[in-house]
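Colleague: following is a predicted model, sequence given first.
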Amino acid sequence: MKKWMQKMLTVCLAIAMMVTVLAPVTAEAKATKNQTMYVGENFEYCIFGTTIQSVSSSKKSVATVAKVSGQKYAFKIKAKKPGATNVTVKYKTFSGVRTEKFKVTVKKTDIKITVQSMDDNKVLLKIKNNTTQPFDSVYYDVTFRDSTGDIVKHVEDQFTLNVSAGKTAYDTVYLGGNMEVDLSSFTYKIKSARRYPEYAYKNASSKELVVTQKNVSEEDNKITFDLKMQNKLNKDVNGVNYIIYYDADDHIIAMDSYPFSLSPKETKTATDYSVYRSEYSHPTFDHYKVVTQAFSKVYIKK
């Protein structure tokens, strides 16, 4: 892709999200000859000041490309299955007709969800991101059935924030006291895993993001503490602090999540975290852990 075209290829809308299977999304791509996408992604690209004349994909089974209705300067690419394809865009400028080609590599959106029972009639969702790409959010549907196969609870468009690459994120679903659920019949559907494609993402290590418990206080029924978060990077960082409750066998019995964001080099102290350990709410409570997952984000300059 020629440098002058890279400068013209710009964002069409203010917000861009990746890997949505519901509707087209406008996005700005990294200024490079090659573009990596994930299955289900649907991006629109704009070359302002031009008129798109034709677009094509060498492997339509991998990704399709089409002009955008009502926007003569825009085209869209949808990733369909893992593989690689060459995209050709022919467009007219003030100086004549030009043709550009670039490679699109499509990867599998490999995200799995498993479940386990917890206290308080809740189920723990374990969302494992098996890709190398952190995501700002993952949207999914979950379905719970009883032993006869009848649906007892269905939740659409549940979402989990700040899912790091190669890590397991956590969420919960409340089932209610009278529900008889067979967790072996649990099913789910990943609907979208979203990120801003004009940003580069990278997991933050424990040395790059330092999280420390402060002012720990223990009472009969609860433990309170603050969390000091130090972003050592000169980049924005997004993440989640998970407060995970365990019994003596290291079985998770409860979980609370606290998303956060930090500016470059920012230090922030979040106050009044509480772990409740009463015999009524969590009779088998033995200990807790603070698990932090985070990633950095930096805008890709053209």
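Modeller: All right, it came through fine.
Colleague: which parts of the stretch 51-200 of the chain are strands?
Modeller: 51-57, 63-67, 74-79, 83-93, 96-107, 111-117, 122-129, 135-145, 151-163, 168-174, 187-194, 199-203 (DSSP state E, counting those that start in this stretch).
Colleague: strand partners of the fifth one, parallel vs antiparallel please.
Modeller: Take DSSP bridges as the rule and strand 96-107 pairs in its sheet with strand 34-38 (parallel), strand 83-93 (antiparallel).
Colleague: pick the most deeply packed of the ones you listed.
Modeller: Ranked by mean neighbour count, those are led by strand 34-38 with a mean of 19 (mean count of other C-beta atoms under 10 Å). For every residue, glycine as well, the C-beta is placed using N, CA and C.
Colleague: and the angle from it to strand 135-145?
Modeller: Inter-element angle recorded for strand 34-38 and strand 135-145: 20 degrees (by axes from the mean of the first three to the mean of the last three C-alpha atoms, to 10 degrees).
Colleague: may I have strand 34-38 exported as PDB, CA atoms only?
Modeller: Coordinates of each C-alpha in strand 34-38 appear next as PDB, following Å, rounded to 0.1, in the frame of the first residue of the first chain:
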ATOM      1  CA  ASN A  34      -0.900  -6.600   5.600                       C
ATOM      2  CA  GLN A  35      -4.000  -6.500   7.800                       C
ATOM      3  CA  THR A  36      -4.800  -9.200  10.500                       C
ATOM      4  CA  MET A  37      -8.500  -9.800  11.200                       C
ATOM      5  CA  TYR A  38     -10.500 -12.300  13.200                       C
END
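Colleague: gap between that strand and the chain center?
Modeller: Put simply, strand 34-38 sits 16 Å off its chain's centre (C-alpha atoms, centre = their mean, to the nearest Å).
Colleague: and what of stretch 178-194?
Modeller: With C-alpha atoms, centre = their mean, you get 18 Å for stretch 178-194.
Colleague: repeat that for stretch 117-128.
Modeller: On C-alpha atoms, centre = their mean, the centre of stretch 117-128 falls 19 Å from that of its chain.
Colleague: in it, what counts as buried?
Modeller: Across stretch 117-128, burial judged by 16 or more other C-beta atoms under 10 Å covers Met118, Lys122, Val123, Leu124, Leu125, Ile127.
Colleague: need these in TSV (columns: distance to Glu198 and pLDDT).
Modeller: As requested, the buried residues of stretch 117-128 are arranged in TSV below (distance: C-beta to C-beta, whole Å; pLDDT from 0 to 100):
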residue	distance to Glu198	pLDDT
Met118	38	95
Lys122	37	93
Val123	36	96
Leu124	34	98
Leu125	30	98
Ile127	25	98
